[in-house]
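Participant: This is the structure alone, sequence omitted:
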């Protein structure tokens, strides 16, 4: 009988370690920073085991019954730990609290096991043999578990199924215990029944694990990633869910195909529609070709120059079927000249003139991008604009980043331009801002006619875009300069405030 | 064509050692080879003077009303002043192939880069000559500074407690007590600033202030002054010590309190700066050299200046030519004067102490990873490092992505006394300094060794004047400033006369010496 007994110790020990590893791995996987996650989880777990060991002093009667109940509780908590945690992370805000709660509960229960077992066995064997054997098998179990976990369990079963599998092992040990220690049990039948119930529950969990994983994943990765690539300059990710295609650059959303028409119509038409004689247009950034699609609605426009840093981006939006459907094949237009270059130095080395310039850069999330929002940049750009020409700049949200928005307006002013700020609502972005700019002294009047087939803008709606409600009204701002990029600091602060 | 494999014989023992090491992954990590060496060495020429070695006889004679000795910023500025006042009959004698002195620069396929001076703080209204020069070169238009020449954001960062912070004034890990001391220090500096005694050029403030209190500052070191004022915050002391090493090449304990205060109290911040360019102050030197090229004689090392008392004129010997001059502007470092000028007493320059420096231009063919995605600043400083950190030469780039760079790394050898430090500087070979630099940089960029392809090192024994205790208000310094040296029509012009080695001082000294020379010749 002794060998069987010690094998059950080995199994219990393995289970205990597995739950700890699962909690650590899950936390690092979901929260990142694996050093912090593992060390805090191991720490809390060991501490909870200490509490468990200490609590055994209050258990004085029917040790075996208590032991079996504890095993069953470990089986349930441990077995379902990763399922519960995954779902909590996916659907609630309370992941961290629950994580440490579960770690502490399992730790306490596991801490109860070994001292109780030793006391159960102390009358059967010499005390020194009890200590030696129990601890030996305890540590052996731990070794086995720690090797099994990375080599077999995680790759083959995943975290959800591994936890349930070891829950089943725990419950099986409990059931087995009712036979091993039947001499010390007064009425084993109810206990055996409980064991069977827990086993059934866990087996059902095993069968349903697929659904748990799917439910958690669906909510973690909202949409299916159809494309992901690290180029020299950025990480491009494209996701799709039903009819919604989304583009992310460095994990910042650039557009959602469901409402991008609002953004791009608002970006292009208030300016270009007001200048029917415009022949030469330049787009800076905007490698997705969506702004170009809107420009191509003007038959008078003879040439479009698209300057985008990333060749992989313009290539992809030209050749990929799904993406070129979105931009209507605009990147293959014979009117278009694609130039894969850095916009600032390109403007400096080039002397071409344009009637309309569309500045569609990513938001100023760092000092490098921030250079493209400075007085120096706008001054340089203005030199490429004909006397009656205009510039439009995508300028982040005047609602969520009000200071940033009005900083961009002020920067254009300080660059010697006349500004006409406006905004519109894009559901996937929220309220979004743009600034039209012209040479000083020029006047702007909204378009009297728009291309056919627009889905969003109407001639009568355009003047309303220039009205700012109370919560987006101008605020005092200083220009963003190469030597004093306050815009990046404002932007960082304002968007951080939103996300917290 | 396939290369024939060379048969390699391995002893059984070597084989076992190699294979067992490979098996457990113990192969020695090999660093990539890094090219480079010492560059722009000039101390050999200096030592010829010091050791009074014989120079060749002169074979030619040329006559000029004014001869400028030395083509650093002071000499170039003297020439600039003469030229713009319509005086064209002069010559500038430069020892090196390329003038520029501490504003020398170089260039490789990635970027231009400086060898020493790399910025000019945005000059305030009192720095008239500096503003005039920048107007001439297009950096100042209608009272506005050209944005591309002002240092781009982020300007400075400090690596402290394992992370980067913006700005060099320590902000991480400070207690309330530390913060209180920084605040009190700032308030005191504000008072000194308000006294208008600390100016750039320094001479203006010294001439206009008759406060004994302020003159007394020169009698103690800035470290002692900090102690008297009960400043004991480790962070504040580091901050002040860093400033002294950075601007004067010496620790706080060896720097005059007057100079220490001057660093903080002399500048008003009217615009976020400083002014900087890839080649540093080489940008200014390059333009001056271009403009004044016809007056400049490179590789003309002056080895003797003697006064012909009967004819009241000077004989300046440089290489094989004797230059006969009515007046001389001595713009070379002042400590050289007694070695060159016949009859000049060495006692006059005994207070002139110079700090030795090392600068390295480090070529990186890829950029190292940044800890916590911090963005590389223009000036990158490591708290508690003996070095002064590095400056990114292509920081003033309007591009989105730079894949390569040149870093100018500065190291003032401030721990030892200047003579000991000079000996140490010359004693150690290039590999020693290369390893020391990489070890320092590895603290902030663990993979820096894999990114560096070249390290060129410039050793400067007398890099900059050191405002030691008592120097600013010393009689000898004042005598040299006023040209009260018994040498009629010989005007000293080096920035070391100000006790502070910065562009503005060099320019001021050069321009005023040129003005004095013209007055002396009746040409104004």
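Facilitator: Great, that's in hand. Fair warning: this is a prediction, and the values are worked out from it, not measured in the lab.
Participant: Output the lowest mean pLDDT helix or strand found in the chain.
Facilitator: Chain wasn't specified; assuming chain A. The element with the least model confidence among the helices and strands of chain A, by mean pLDDT, DSSP states H and E, is strand A:224-230, at a mean of 76.
Participant: neighbours around the residue in the stretch 1-150 of chain A that chain B sits nearest to, how many?
Facilitator: The nearest approach of the stretch 1-150 of chain A to chain B comes at residue A:33, 11.9 Å away (Cβ to the nearest Cβ). C-beta: built from backbone N, CA, C; applies to glycine. Close neighbours of residue A:33, defined as other Cβ atoms under 10 Å in any protein chain shown, add up to 10.
Participant: show me what contacts residue A:416?
Facilitator: Neighbour list for residue A:416: A:379, A:382, A:440 [criterion: Cβ atoms under 8 Å, 6 or more residues apart in numbering or on different chains].
Participant: State the helix or strand in which the closest residue to residue B:359 other than its chain neighbours lies.
Facilitator: Computed as Cβ to Cβ, 6 or more residues apart in numbering or on different chains, the closest residue to residue B:359 that is not its neighbour in sequence is residue B:458, at 5.1 Å. If you go by DSSP states H and E, residue B:458 is part of strand B:452-465.
Participant: Which strands and helices lie in contact with that strand?
Facilitator: strand B:35-38, helix B:43-50, strand B:354-364, helix B:418-427, helix B:430-442 (3 or more Cβ pairs under 8 Å, 6 or more residues apart in numbering or on different chains; DSSP states H and E).
Participant: That one: partners in the sheet, and parallel or antiparallel?
Facilitator: strand B:35-38 (parallel), strand B:354-364 (antiparallel) (DSSP bridges).
Participant: now, of those, which is deepest in the fold?
Facilitator: strand B:354-364 (a mean of 24; mean count of other Cβ atoms under 10 Å in any protein chain shown).
Participant: And the longest helix that chain A contains, what's buried?
Facilitator: Selection of the longest helix in chain A by residue count, based on DSSP state H, yields helix A:188-220. By neighbour count on 16 or more other Cβ atoms under 10 Å in any protein chain shown, the buried set for helix A:188-220 is A:188, A:191-192, A:194-195, A:198-199, A:201-202, A:205-206, A:209, A:212-213, A:216.
Participant: what packs against that helix?
Facilitator: By 3+ Cβ pairs under 8 Å, 6+ apart, helix A:188-220 packs against helix A:63-91, helix A:158-180.
Participant: Name all residues that make contact with residue B:236.
Facilitator: Counted by Cβ under 8 Å, 6+ apart, residue B:236 has contacts B:178, B:181-182, B:185, B:226.
Participant: immediately after the host helix or strand of it, which helix or strand?
Facilitator: Per DSSP H and E: residue B:236 is located in helix B:234-248. Toward the C-terminus, helix B:234-248 is succeeded by helix B:257-265 as the next helix or strand (DSSP H and E).
Participant: elements contacting that following helix?
Facilitator: By 3+ Cβ pairs under 8 Å, 6+ apart, helix B:257-265 packs against helix B:176-194, helix B:222-228, helix B:234-248.
Participant: Could you check the angle it makes with helix B:234-248?
Facilitator: 100 degrees (axes from the mean of the first three to the mean of the last three Cα atoms, to 10 degrees).
Participant: Residue A:254: what secondary structure?
Facilitator: strand (DSSP: H, G, I helix; E, B strand; the rest coil).
Participant: Correct me if wrong: it contacts residue A:290.
Facilitator: No. Counting by Cβ atoms under 8 Å, residue A:290 is not a contact partner of residue A:254; they are 9.3 Å apart.
Participant: related to what we said a few turns ago, quick one, which of the contacts of residue B:236 are buried?
Facilitator: Among these, the ones that count as buried (16+ other Cβ under 10 Å) are B:178, B:181-182, B:185, B:226.
Participant: Return the residues in contact with residue A:350.
Facilitator: residue A:384.
Participant: Starting from chain B, give me the distance back to it.
Facilitator: Per Cβ to the nearest Cβ, to the nearest Å, residue A:350 is found 13 Å from chain B.
Participant: And the pLDDT for that residue?
Facilitator: Residue A:350 is assigned a pLDDT of 95 by the prediction.
Participant: Please apply the same query to residue B:6.
Facilitator: So, for residue B:6, pLDDT stands at 39.
Participant: And residue B:20, by the same measure?
Facilitator: So residue B:20 comes in at 54 (pLDDT).
Participant: got the contact list for the closest residue to residue B:220 other than its chain neighbours?
Facilitator: Residue nearest to residue B:220 in three dimensions, not counting chain neighbours: residue B:257, with 5.1 Å by Cβ to Cβ, 6+ apart. Applying Cβ under 8 Å, 6+ apart to residue B:257 gives the contacts B:217-222, B:224-225, B:469.
Participant: for residue B:454, same thing?
Facilitator: So, once contact is read as Cβ under 8 Å, 6+ apart, residue B:454 ends up touching B:34-36, B:362-363.
Participant: Likewise for residue A:338?
Facilitator: Residue A:338 neighbours (Cβ under 8 Å, 6+ apart): A:306, A:308, A:314, A:318, A:331.
Participant: Pretty sure the last one sits against residue A:320.
Facilitator: No. Here residue A:331 does not reach residue A:320: they are 10.3 Å apart, not a contact under Cβ under 8 Å.
Participant: got a list of contacts for the strand or helix carrying residue A:40?
Facilitator: Using DSSP H and E, the secondary-structure element containing residue A:40 is helix A:34-55. For helix A:34-55, the external contacting residues (Cβ under 8 Å, 6+ apart) are A:20, A:23-24, A:27-28, A:31, A:99-100, A:103-115.
Participant: change it to 6 Å
Facilitator: Applying Cβ atoms under 6 Å, 6 or more residues apart in numbering or on different chains, the external contacts of helix A:34-55 come out as A:20, A:23-24, A:27-28, A:31, A:100, A:103-104, A:107-108, A:110-112, A:115.
Participant: and that helix, what's its mean pLDDT?
Facilitator: On average, helix A:34-55 scores 91.
Participant: By neighbour count, which of the contacts of residue A:338 wins?
Facilitator: residue A:306 (26 neighbours).
Participant: that's a strand at it, yeah?
Facilitator: Yes. Assessed with three-state DSSP, residue A:306 lies in a strand.
Participant: Tell me which of residue A:254 and residue A:290 has more neighbours.
Facilitator: residue A:290 (28 against 24).
Participant: Kindly report the domain assignment for the chain.
Facilitator: Went with chain A since none was named. Domain assignment for chain A, taken from automatic domain parsing, gives A:2-220, A:262-499.
Participant: wrong chain, I was asking about chain B
Facilitator: Split by automatic domain parsing, chain B gives B:43-145+B:274-520, B:185-265.
Participant: Enumerate the residues of the stretch 301-450 of chain A near chain B.
Facilitator: A:342, A:344-345, A:367-368, A:376 (Cβ under 6 Å from any Cβ of the partner chain).
Participant: I'd like to know how many residues surround the residue of the stretch 401-524 of chain B found nearest chain A.
Facilitator: Closest residue of the stretch 401-524 of chain B to chain A, Cβ to the nearest Cβ: residue B:401 (6.0 Å). Counted with other Cβ under 10 Å, the burial measure for residue B:401 works out to 12 neighbours.
Participant: show me what contacts it?
Facilitator: Counting by Cβ under 6 Å, 6+ apart, residue B:401 has no contacts.
Participant: what about it, which SS state?
Facilitator: From three-state DSSP, the assignment for residue B:401 is coil.
Participant: Could you find the closest non-adjacent residue to residue A:332?
Facilitator: Residue A:332's closest residue in space is residue A:318 (Cβ to Cβ, 6+ apart), at 5.9 Å.
Participant: The one you found looks like it's in a helix, true?
Facilitator: Yes. Under three-state DSSP, residue A:318 falls within a helix.
Participant: Many thanks, I have nothing further to ask.
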